[in-house]
Every structure is written in C-alpha cells, then in structure tokens.
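1. after the sequence you'll find the predicted model.
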Amino acid sequence: MADDPAVLSVPWLRVSRSDSVAVALQDLAAGYGLVVDGREIVLHSDVPKGHKIALKAIRAGDEVFKLGFSIGRASQEIAAGDHVHAHNLVTALSGLEAYHYQPAPVALPEKPAEGTFQGYRRQDGQIGIRNEIWILCTVGCVAKTAERLARKASERFAGRIDGVYALTHPLGCSQLGDDLDHTRKLLASLAMHPNAGGVLIVGLGCENNQLSALIREIDRPAERLKYFAAQMVEDEHEAGLEALEALVAEIEKDRRETCFIRDLTIGVKCGGSDGFSGLTANPLVGLIADRVAFAGGKAIMTEIPEVFGAERGLMNRAKDERVFQAAVDVVNDFKSYFIDHNQPVFENPSPGNKAGGITTLEEKSLGAVQKGGHSPLNDVLRYGERAHETGLSLLEAPGNDAVSSTALTAAGAVIVLFTTGRGTPLGFPAPTLKIASNSGLAQRKPRWIDFDAGQVLNGPEGLDVAADNLMDLILKTASGRPACNETNDEREIAIWKNGVTL
C-alpha cells in the first residue's frame, strides 16, 4: 500500500513517492521530526490525526499531490513541515469539462474469489439474502398506515419469515414530470428487490403517484405482490393484514440454498469520510468490488458529485466508447444540475470531512473512487434503474447518504458496504455493513460499526488480510447474520426530489 513498508512503523504515511504531503496517523505535536528520504522535516504546528503534512516547500499556485494525484493548489506559500489544510490549500475544480476516451489497462485478480453463502433464488433469477416483506407507500399520506401494518404484522407473523418492514417516504403528492417519474421508478425498483420475498404497496387514491401507474412498472409474480388504495377499502388495517397473511403464506415456503460470490450484487458507499478513508476503508472495499466483479457478480458505485476531480481514471476504465460517453453524460449532467441552481460544482467536502482531514473535493473524490476498485466499468445506470450487467456499474445519485444508498438498494444491491471515518447509525433496506476507516471509531462505536478497516495499516500484507476478513463477514451476513443496522432497526429510504412542488 505505501511505497515504503518501513513507513508503517512511524506515525505518518506517504502513499506515493510523488506525493508532496504525508498523512498523520496520530495527533502530532509541533516540533515532531519526520525523516523523509534521509532528511528531517520538523513540524511547525500541531497536526491532527488524518490531516496532511507538507514534505517539501510548495509555492503559491502550485499543485499539491496525495495518493499520486493532484488534490488542488496551494493558496499561499507552504513550507516543509507545515500543516496543509483549508487555510493554504484550495480546489482547482470549476465547471463542465471535455473528456476524451483513453482506455486504460485494468488490473484484475489472478483468480476468481472463492466462497459460498446461503441465499434465496427468486423466480426471476435474482439472488436475495433476506426473505422479508416490504411495505411501500405511493404517497407520504399513508406512511403511518404502512408503519402500523408492519408493527401488527411483525407481532402476528413472528418467526415465520425474516421480518415485515415499512419503507416510507414523504413524497408522491404534488410532484410533476421527471420528478414524479423518478419517484415512481425508484419505488418500482425497490418493489422488485430480491431481499423482499413479498411486497405490499399501500396507496391513498388521490395522489399524483397513482397506484395503477406504479403497479404497471413492477414485474413481480402476482402471488408476491399485493396492493390497495386506502380510500377505496372500508378498513385499511383489515385489508392490509389480509394481504400480508397471503404474502406470508407464500414466502414462508422459501428456503436458503447454496449460492456463490458470482451471485452477489453489492453496493459501495462512503459517508462521514476522514483522512483515513482513502488509505484504508475505500481501497479495501475496492478490492472486494474487484473480487465480486471478477467472479461474475455485480458491484455498483454511486455518489456522482464525489467523483468530480477523479472521474477520468474511472471513465477510462469503460469497457467501450458507449459506456465512456454514458459516464461523461452522467458526470456533466450532475455538474449542470449544480450550475443551473447557481451552486459551485465543488461545494464539498462537508464540515465533518474537513474536521477529519479532507480539504478539497479532489482529495475526497480520489479516496471515494477507490471503492470501485480497478475493474472495467461495464455499465452506467440512471437514477432508479436496476443493474443487469455483471461487473462494475456507475449509478446516478447524489452524495447524500440516504438518497444514494436507497438508490443502490433499488438498483439491486442485496448488501451495502458503507465506509465511514466519522460514524453514523443510519441503515437502509438492504443489510448495511459499516466499515470504519480507523480503529478508534470501531472501538468507540461497536454498536454502529461492523468492520474495522484500520487493520489495513498493520503492515505490507494488511490490505489482503483485511479483504479476506471482510469477505468472510460479507458471506456470513449474506447467509443471515444480522448487520448492526438490522440489529438496531435502522432501515430508512430517501427519494431524490429534484423538481418543483405544486
């Protein structure tokens, strides 16, 4: 991982010999001396854990390099030993860019990953890892109705299936055009998810998101899909429980059977990133994405605004010019979305990211894209679409954790690998494995965190050992072991609203 394994024995890390900064692996005090290429550099001020240290003098306007790539420009003179952060480093990003397809060689694993899990083979060929009933609503007006039905059903049908869950939202009314279409498409894709053995859709009757239009977009066996409009039945609770009884009777017949890594569809996501995310958790998840993709499975990455500044490397892994152009379109469409709303394309990183040591969007993006590994980019999906191609896909969605993770689930991810440096309790309909970028977070928040990626720094073989350990956890989770978000009953959905409201 580092260009010099010996660097792991000291409390700082330089990833590439071309880097002009190193990362502090622990809090370092002013006066601390770093020995770099045989010369000593003394810190001029305290440098917090995860933050950057200048390894040489950098002139104002010059590029600053980390991970072997530019992460912005110096806004003032920087001396060797200075703390490098928002006070002296700024983004070099601006508006739309022109891209040219320059296919790059990809490094694939020497052999497919091996391993099995116990999953559910659905009639349409999809593989699920849970056998649940999901209650979806067409409109926020019946969200509480859906939640009451889920509570009553959980009590009545306890032990017969993996659970009954209401996935509610506040939208569906007063939406128009593409905005309404996005909501309908997202809900339809969720309704076809393989972790849901059965789905109940609760409508109201007068909403813009009409139940009949939504049902037409759902391809699911009739015995596994039930629906009704609350305004059209005498007692919505009685109608709902009757429908749920029929669904439970059908899906409780399902049994787990042996499946393989090629049967997995994983989503990769980061949230609350810090200066370690691009060094530990994201490269680790990228290695898992490569293993799944090379085995013939599906890996889906998203958060389009968080590839700005690092998109070229991803685009040039496109399998052909069609996929390359689709990636260009989704990136520039998102930049136009910001520009059209009079916002800069670089309004990132967040306050929490900055506190953790990330300074510019280029730096954040260089860490974030590592979740996609090194596999070829085989497909680009628009918001609400489902993944069909094996290998790596890029999905249109914003950086918002809840919106993008919901989109990953709707695209077919049966498990989400969520890296974090700051921590979050949030979870989604699919099991959401929280992967801490640093061991301190894993130790402080064991109820939130499923896996400690800090072990990546345990020497030259740390990344491979951690990948083996994480893959083992993924397969156990796929076989039924609950993720922390499931244990904590953290299951949310959020829909991307990008249009006017009536």
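-> The structure has been received and is ready for your questions. Owing to the predicted nature of the structure, the values given are computational and were not obtained by experimental measurement.
2. can you give me the strands in the stretch 401-502 of the chain?
-> 415-420, 432-436, 451-452 (DSSP state E, counting those that start in this stretch).
3. check contacts around residue 429.
-> By C-beta atoms under 8 Å, 6 or more residues apart in numbering, the residues touching residue 429 are 134, 165, 167, 190, 193, 195, 406, 409, 491, 493. For glycine as for every other residue, the C-beta is placed from the backbone atoms N, C-alpha and C.
4. and which of these is nearest residue 44?
-> The nearest member of the contacts of residue 429 to residue 44, counting by C-beta to C-beta, is residue 406 at 45.1 Å.
5. what's opposite the most centrally placed residue in the chain in the beta bridge?
-> When C-alpha atoms, centre = their mean is applied to the chain, the residue found nearest the centroid is residue 269 (1.6 Å). For residue 269, the beta-bridge partners are residue 418 (DSSP bridges).
6. which one of the strands of the stretch 401-502 of the chain lies closest to residue 87?
-> Using C-beta to C-beta, the nearest of the strands of the stretch 401-502 of the chain to residue 87 is strand 415-420, at 25.6 Å.
7. against which helices or strands is the closest one packed?
-> strand 265-270, helix 281-295, helix 401-410, strand 432-436, helix 462-478 (3 or more C-beta pairs under 8 Å, 6 or more residues apart in numbering; DSSP states H and E).
8. want to try JSON lines for these, with distance to residue 28 as columns?
-> Output for these, formatted as JSON lines (distance: least, C-beta to C-beta, whole Å):
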{"stretch": "strand 265-270", "distance to residue 28": "25"}
{"stretch": "helix 281-295", "distance to residue 28": "22"}
{"stretch": "helix 401-410", "distance to residue 28": "30"}
{"stretch": "strand 432-436", "distance to residue 28": "21"}
{"stretch": "helix 462-478", "distance to residue 28": "21"}
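9. closest one to residue 202 among these?
-> helix 401-410 (18.1 Å).
10. for that closest one, the averaged confidence score.
-> Helix 401-410 carries an average pLDDT of 97.
11. now swap in stretch 218-237 and tell me
-> pLDDT averaged over stretch 218-237 gives 97.
12. before we move on, what about stretch 304-320?
-> Mean predicted lDDT for stretch 304-320 stands at 93.
13. what residues of that stretch count as buried?
-> Within stretch 304-320, the residues that count as buried by 16 or more other C-beta atoms under 10 Å are 304-312, 314-319.
14. possible to save the strands of the stretch 401-502 of the chain as a markdown table with distance to residue 264 and mean pLDDT?
-> Formatted as a markdown table, those follow (distance: least, C-beta to C-beta, whole Å; pLDDT from 0 to 100):
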| stretch | distance to residue 264 | mean pLDDT |
| --- | --- | --- |
| strand 415-420 | 7 | 98 |
| strand 432-436 | 13 | 98 |
| strand 451-452 | 16 | 98 |
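15. could I get these in a markdown table, plus columns for mean neighbour count and distance to residue 348?
-> Below are the strands of the stretch 401-502 of the chain laid out as a markdown table (neighbours: other C-beta atoms under 10 Å; distance: least, C-beta to C-beta, whole Å):
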| stretch | mean neighbour count | distance to residue 348 |
| --- | --- | --- |
| strand 415-420 | 28 | 16 |
| strand 432-436 | 28 | 21 |
| strand 451-452 | 22 | 25 |
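16. okay, these in CSV with distance to residue 71 next?
-> Output for the strands of the stretch 401-502 of the chain, formatted as CSV (distance: least, C-beta to C-beta, whole Å):
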stretch, distance to residue 71
strand 415-420, 19
strand 432-436, 23
strand 451-452, 26
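17. to residue 361, which of these lies closest?
-> strand 415-420 (17.3 Å).
18. chain center to the closest one, what's the gap?
-> 6 Å (C-alpha atoms, centre = their mean, to the nearest Å).
19. how about stretch 447-467?
-> Chain-centre distance of stretch 447-467: 18 Å, with C-alpha atoms, centre = their mean.
20. for that stretch, give me every contacting residue.
-> Residues contacting stretch 447-467 (C-beta under 8 Å, 6+ apart): 1, 5, 8, 13, 25, 276, 279-281, 283-284, 287-288, 291, 419-420, 423-425, 433-443, 469-470, 473, 477, 483-484, 487-488.
21. would you agree the residue nearest to the centre of the chain is in contact with residue 401?
-> Yes - Residue 269 is within contact range of residue 401, at 7.1 Å (criterion: C-beta atoms under 8 Å).
22. joint contacts of these two?
-> residue 418.
23. point out where the stretch 201-350 of the chain drops to low pLDDT.
-> Of all residues in the stretch 201-350 of the chain, none has pLDDT under 70.
24. the helices in it, which residues?
-> Taking DSSP state H, counting those that start in this stretch to define them, one finds helices in the stretch 201-350 of the chain at 211-216, 236-251, 281-295, 311-315, 321-340.
25. quick check: angle from the third one to strand 432-436?
-> Put plainly, it is helix 281-295. 130 degrees (axes from the mean of the first three to the mean of the last three C-alpha atoms, to 10 degrees).
26. CA atoms only: put helix 281-295 into CSV for me.
-> Extracted as CSV, the C-alpha positions of helix 281-295 are listed here (Å, rounded to 0.1, in the frame of the first residue of the first chain):
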residue,chain,number,x,y,z
ALA,A,281,-11.6,1.5,4.1
ASN,A,282,-12.1,2.7,0.5
PRO,A,283,-9.2,0.7,-1.1
LEU,A,284,-10.4,-2.3,1.0
VAL,A,285,-13.9,-2.1,-0.4
GLY,A,286,-12.4,-1.6,-3.9
LEU,A,287,-10.6,-4.9,-3.5
ILE,A,288,-13.9,-6.6,-2.5
ALA,A,289,-15.6,-4.9,-5.5
ASP,A,290,-12.9,-6.4,-7.8
ARG,A,291,-13.3,-9.8,-6.3
VAL,A,292,-17.1,-9.8,-6.8
ALA,A,293,-16.8,-8.4,-10.3
PHE,A,294,-14.1,-10.8,-11.4
ALA,A,295,-16.2,-13.7,-10.0
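27. tell me what it is packed against?
-> Counting by 3+ C-beta pairs under 8 Å, 6+ apart, helix 281-295 packs on strand 265-270, strand 298-301, strand 391-395, strand 415-420, strand 432-436, helix 462-478.
28. for the shortest one, same thing?
-> Contact here means 3+ C-beta pairs under 8 Å, 6+ apart; on that basis helix 311-315 packs against helix 321-340.
29. elements contacting the helix it packs on?
-> helix 311-315, strand 377-381.
30. for the following helix or strand past that helix, the averaged confidence score.
-> Once helix 321-340 ends, the next helix or strand along the chain (criterion: DSSP states H and E) is helix 351-355. Mean pLDDT, helix 351-355: 89.
31. kindly report the same for stretch 24-35.
-> 93.
32. any buried residues in it, and which?
-> Buried residues in stretch 24-35 (16+ other C-beta under 10 Å): 24, 25, 28, 32, 34.
33. before we move on, what about stretch 238-253?
-> Neighbour counts over stretch 238-253 (16+ other C-beta under 10 Å) mark 239, 240, 241, 243, 244, 247, 248, 250, 251, 252 as buried.
34. then stretch 326-339?
-> Buried, per 16+ other C-beta under 10 Å, within stretch 326-339: 326, 327, 328, 330, 331, 332, 334, 335, 338.
35. thinking the third one is in contact with residue 96, fair?
-> Right, residue 328. No - judged on C-beta under 8 Å, residue 328 makes no contact with residue 96 at a distance of 10.1 Å.
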